[in-house]
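Undergrad: got a predicted structure here, sequence first:
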Amino acid sequence: MTLPLHIATLSPAEKRQLLAKLLAEQTDGPREYPVSFAQERLWFFEQLHPGSAVYNIPVALRLPGS
């Protein structure tokens, strides 16, 4: 992987400063992401029967081959 010319020409100290700045920008404030339908369903089952294994589906598979 080659870095863009402007980043490749930075000194190691400048690269560390840039990385610190980018990481600080990423962590500013809380981020919320929507959950999937499957995650909503798991949440619903947990609310309906707390601590239950109602969603677990035991399955045994035999996979032949090497």
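TA: Nice, I can see it.
Undergrad: where does this protein have low pLDDT?
TA: Counting by pLDDT under 70, the chain shows low-confidence ranges at 1-5, 27-29.
Undergrad: how about Glu46, what does it touch?
TA: Contacts for Glu46 (CB atoms under 8 Å, 6 or more residues apart in numbering) come out as Ser52. C-beta here means a position set from N, CA and C on the backbone, and glycine is covered the same way.
Undergrad: quick check: which element contains it?
TA: Per DSSP states H and E, Glu46 falls inside helix 37-48.
Undergrad: dump that helix to CSV, keeping only the CA atoms.
TA: Extracted in CSV, the C-alpha atoms of helix 37-48 (Å, rounded to 0.1, in the frame of the first residue of the first chain):
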residue,chain,number,x,y,z
PHE,A,37,-34.5,-6.5,12.5
ALA,A,38,-32.8,-9.6,13.9
GLN,A,39,-31.3,-7.5,16.8
GLU,A,40,-34.7,-6.0,17.5
ARG,A,41,-36.2,-9.5,17.6
LEU,A,42,-33.5,-10.7,20.1
TRP,A,43,-34.2,-7.6,22.3
PHE,A,44,-37.9,-8.4,22.2
PHE,A,45,-37.4,-12.0,23.3
GLU,A,46,-35.2,-10.8,26.1
GLN,A,47,-37.8,-8.4,27.3
LEU,A,48,-40.5,-11.0,27.1
